[in-house]
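Peer 1: Generate a structure from the sequence data that follows.
(2 chains, ligands or ions: 2)
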Amino acid sequence: MRDFLPIIKTFKKKKTAPILLAFQIAVTFMVLVNAIYMISDRNDIIARPVGVDIANTLSVITNLSDEQGDLVNQLEDDLIALKSIYGVVNAAPMTALPLEGWGSYLDVRFDPDEEYVASSGYFGSNEDVIDTLGLRLVAGESFLASDIQTTELNGIHKSAKILITKALAEKISPDDWRAILGKSIYFNKEPHEVIGVIERLQNAWSSWSMVEYTVISSVRETNHSQRYVIRVEPGQMESVIKTIPEVLLTHANKRIETIETLSEIKKRSYQADVANNQLLTSVCIGLTIITLFGILGQAKFTINRRIKQIGTRRALGASKSQVVGYFMLENAIISTIGVVIGILAAIILNNQFVELLSITPVPVNFLLFGAGAIVLLGQLAVAYPVSQAAKVSPAITTKG
Amino acid sequence: MLKMKSLSKAFLTDAIKTQALHPFDLTIEQGEFVSVIGPSGSGKTTFLNIAGLLEEHSDGLYELDGKDVAQFTDKKKSAYRNEKIGFVFQSFNLIPELNLYDNVDMPLRYRKFNSEERHKRIMQALEQVGLAGRKDHYPTQLSGGQQQRIAIARAIAGTPSVILADEPTGNLDSKMAEGIMSLLKDINAAGTSIIMVTHDNEQAAQAKRIVQIKDGHLSEYTQQKAIA
Ligand SMILES: Nc1ncnc2c1ncn2[C@@H]1O[C@H](COP(=O)(O)OP(=O)(O)OP(=O)(O)O)[C@@H](O)[C@H]1O
Ligand SMILES: [Mg+2]
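Peer 2: Numbers count the residues shown, from 1 in each chain, chains lettered A, B, ... in the order given. Ligands and ions are numbered 1, 2, ... in the order given. This next block holds a predicted model:
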């Protein structure tokens, strides 16, 4: 390459500015790559399917009151009322809601006296749960109405038939997840027969590493603060939400605590993550802009300093496009040195951090992609000052 | 080799027109040594810039080797400057970050020479100006006369057909100027045309031909020739 060696030689003579710029690019590169990786990692987590048709599912929390007599009757009345609303597909009671951040969890054992093999979130519901949440049964069977038990509190302590998620089945029966069907697992010392496996259902805690491990037990609870899930026909959400108070608030003691779509619950669950991502994104944009201006400023400065030299090169035979090529290459070399330093530092730091903080290291393809992007950005940033350099007239060589 | 017909140059700045060169005819043949003299501001540099394709003329015809330069693209002009024309400037215009060897190499890198060929040409040019031993030095480590010798080496390394020099000794004392002049004469003797702008009449007289410019009017200066 014509200009490569001479450029390297001029760096040797004038080190400070290119080194500073390369260093700035290295730091920008490291921060950007890590931040963007964190953002994309988090976005992947947020994008994981809940397992529920969240756009068409909502939850209602209402009270069952002792003044109104038998709680079970009230529960059944509520469900009949909810199912009667135009646009409702199905409705079921639930002890807690996916991603709500509130509920019960359990430790799975094959023998009540042995160590537990997994932890899992817990939901108690009835035979309508699969249809209401829009779950997909991948093995076994759903609950029958006759399987359902009722309790006022702590359904988790009752021996009952259960459905589990496939993720949990694979965890506790790694060789053949289907083999778990018909077996009993123990939690809270009680045996629970696994009668079905569902494809996917996230439990109450989005930030828990075991969010995909979920048990649905065939025990409905009649709580004073009672949760229902309701699935509606597409497009009916608004009108159903409007109608719910009309059908539920049938007496003075009845209150509705919240009506919320599962989309909203999911959004709330990831609020902090989304906010962090937004903050990181702003930092990335800010840093990118600062670096672009840094590159632009440096290019302007070195070009202004070398106007006479550019004229000389032009006079001695460099065409306009060769002048452009010279400065573009100079910038590309500095950027490349910067990202190489950045990649080396990232690899070294990653090795330290991964052990220290047990975070996942930034994958190599990410580093390479980031490196390419930074070099390209640098080229964009110098495009304007370099186009000015090309306009320097060779005639300036004979002036003064 | 170089043919100008009714050539003129006007500068337009802020709607003020400066007629730097009035229409003139001039032909220079291969191998000539031409001095250009005239008072300050008369248009000498402008003439040289046009001759060297550093600047465009406004009107008239300029042919180099039989080709109308008005038709040249920037790329073509650049290549022409690079291959056919050697420049020697009053202020040397060496690149301070490059050593002498690399300075001479700079224009050669735009040619299709391989590195052996370039090396041969650089060393030959440096020998010719008597500075081969200092090839690893940087321009700031040289005297003005030595810097101008390097600039001459840079100009001749590409074996141009003409060297354009704008007051090549303007920044040098008389002893150094003499050295530069004899160097240019040697180069001319070997067949390279030289067009040199100078303020020094004695220096000008060393050329076989003198062109005078006064207020943008260019004329052949024959009296001097007759006296000499
Ligand atoms: N780029 C320009 N724009 C406007 N006017 C110019 C430009 N270059 C030169 N001139 C004008 O053209 C005229 C000739 O200038 P030129 O530099 O050719 O003179 P010169 O004979 O080389 O002078 P000197 O001996 O001082 O170097 C001057 O009046 C000058 O002001
Ligand atoms: Mg001049």
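
Peer 1: Any idea which residue is closest to the centre of chain B?
Peer 2: By CA atoms, centre = their mean, chain B has its centre lying nearest to B:Leu164, at 1.3 Å.

Peer 1: Quick one: the helices in the stretch 151-300 of chain A, in order.
Peer 2: Remark: helices assigned in the stretch 151-300 of chain A by DSSP state H, counting those that start in this stretch are A:166-172, A:237-248, A:262-269, A:271-305.

Peer 1: same thing with the stretch 301-400 of chain A?
Peer 2: Listed in chain order, the helices of the stretch 301-400 of chain A (DSSP H, counting those that start in this stretch) span A:307-315, A:320-357, A:364-390.

Peer 1: which SS class is whatever residue of chain B ends up closest to chain A?
Peer 2: Residue nearest to chain A within chain B: B:Asn82 (2.4 Å; CB to the nearest CB). C-betas here are computed from N, CA, C, even on glycine. Counting by DSSP: H, G, I helix; E, B strand; the rest coil, the backbone at B:Asn82 sits in helix.

Peer 1: these two touch, right, it and B:Phe113?
Peer 2: No - here B:Asn82 does not reach B:Phe113: they are 11.3 Å apart, not a contact under CB atoms under 8 Å.

Peer 1: Pick out whichever of the two has more residues nearby.
Peer 2: Counted by other CB atoms under 10 Å in any protein chain shown, B:Asn82 and B:Phe113 do not tie: B:Asn82 has more neighbours, with 22 against 16.

Peer 1: so what's the more buried one scoring on pLDDT?
Peer 2: Per-residue pLDDT puts B:Asn82 at 96.

Peer 1: Grab the nearest non-local neighbour of it.
Peer 2: Among residues not flanking B:Asn82 along the chain, A:Gly317 sits closest, at 2.4 Å (CB to CB, 6 or more residues apart in numbering or on different chains).

Peer 1: That neighbour - how many residues pack around it?
Peer 2: Using other CB under 10 Å, A:Gly317 has 25 neighbouring residues.

Peer 1: dump the residue contacts of it.
Peer 2: A:Gly317 makes contact with B:78-79, B:81-83, B:107, B:110 under the criterion CB atoms under 8 Å, 6 or more residues apart in numbering or on different chains.

Peer 1: Let me know the distance separating it from A:Val323.
Peer 2: 11 Å (CB to CB, to the nearest Å).

Peer 1: Do me a favour and average the pLDDT over the helix or strand B:Ser6 falls within.
Peer 2: Using DSSP states H and E, B:Ser6 sits in strand B:2-13. Strand B:2-13 shows an average pLDDT of 94 in the prediction.

Peer 1: and the very next helix or strand once past that strand, anywhere near chain A?
Peer 2: Note on strand B:2-13: by DSSP H and E, the next helix or strand toward the C-terminus is strand B:16-28. No - for a cut-off given as CB under 8 Å from any CB of the partner chain, strand B:16-28 has no contacts with chain A; the smallest distance is 11.8 Å.

Peer 1: quick one, strand B:16-28 and strand B:2-13 angle?
Peer 2: 170 degrees (axes from the mean of the first three to the mean of the last three CA atoms, to 10 degrees).

Peer 1: close to ligand 1, is the helix or strand just after strand B:16-28?
Peer 2: Downstream of strand B:16-28, the first helix or strand assigned by DSSP H and E is strand B:33-37. No - Strand B:33-37 stays clear of ligand 1 (CB under 6 Å from any ligand atom), getting no nearer than 8.5 Å.

Peer 1: I'd like the distance from strand B:33-37 to the chain centre, please.
Peer 2: Distance, stretch centre to chain centre, for strand B:33-37: 11 Å (CA atoms, centre = their mean, to the nearest Å).

Peer 1: Report the strands that pair with that strand, each with its relative direction.
Peer 2: When pairing is defined by DSSP bridges, strand B:33-37 lines up against strand B:193-197 (parallel), strand B:209-214 (parallel).

Peer 1: In that strand, which residues are buried?
Peer 2: Applying a neighbour-count criterion of 16 or more other CB atoms under 10 Å in any protein chain shown, one finds B:33-37 buried in strand B:33-37.

Peer 1: again, but for stretch A:233-241
Peer 2: Buried residues in stretch A:233-241 (16+ other CB under 10 Å): A:236-237, A:240-241.

Peer 1: from the residues you listed, which is closest to chain B?
Peer 2: A:Met237 (65.7 Å).

Peer 1: low-confidence ranges in chain A?
Peer 2: Along chain A, segments meeting pLDDT under 70 span A:1, A:354, A:357-359, A:400.

Peer 1: Domain boundaries for it, per the record?
Peer 2: A:4-47+A:272-398, A:66-253 (automatic domain parsing).

Peer 1: Mind putting these into JSON lines with distance to ligand 1?
Peer 2: Below are the domains of chain A laid out as JSON lines (distance: least, CB to the nearest ligand atom, whole Å):
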{"stretch": "domain A:4-47+A:272-398", "distance to ligand 1": "7"}
{"stretch": "domain A:66-253", "distance to ligand 1": "69"}
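
Peer 1: Checking my notes, A:Tyr105 in a helix, right?
Peer 2: No - counting by three-state DSSP, A:Tyr105 falls outside a helix, being strand.

Peer 1: packing partners for the strand holding B:Ser6?
Peer 2: The elements that strand B:2-13 packs onto, with contact taken as 3 or more CB pairs under 8 Å, 6 or more residues apart in numbering or on different chains; DSSP states H and E, are strand B:16-28, helix B:44-51, strand B:59-64.

Peer 1: Compare those and report which one is nearest to A:Val31.
Peer 2: Of all the helices and strands packed on strand B:2-13, it is helix B:44-51 that lies closest to A:Val31, at 49.7 Å by CB to CB.

Peer 1: Give me the contacts around the closest one.
Peer 2: A:395, A:398-399, B:2, B:4, B:7, B:9, B:20-21, B:36-38, B:54-57, B:62, B:164, B:166, B:195, B:197, B:213, B:218.

Peer 1: helix, strand or coil for the residue nearest to the centre of chain B?
Peer 2: Assigned by three-state DSSP, the conformation of B:Leu164 is strand.

Peer 1: Please name the residues that touch the residue lying closest to it once chain neighbours are set aside.
Peer 2: Take B:Leu164 and drop its neighbours on the chain: the residue closest to it by CB to CB, 6+ apart is B:Gly52, 4.5 Å away. B:Gly52 makes contact with A:315, B:81, B:85, B:87, B:164 under the criterion CB under 8 Å, 6+ apart.

Peer 1: Go again with 7 Å.
Peer 2: B:Gly52 is in contact with B:81, B:85, B:87, B:164, counting by CB atoms under 7 Å, 6 or more residues apart in numbering or on different chains.

Peer 1: pLDDT score for it?
Peer 2: Taking B:Gly52 on its own, its pLDDT is 96.

Peer 1: quick one: contacts for B:Ile180?
Peer 2: When contacts are counted by CB under 7 Å, 6+ apart, B:Ile180 touches B:145, B:148, B:168-169, B:172.

Peer 1: Now with 6 Å, please.
Peer 2: B:148, B:168-169 (CB atoms under 6 Å, 6 or more residues apart in numbering or on different chains).
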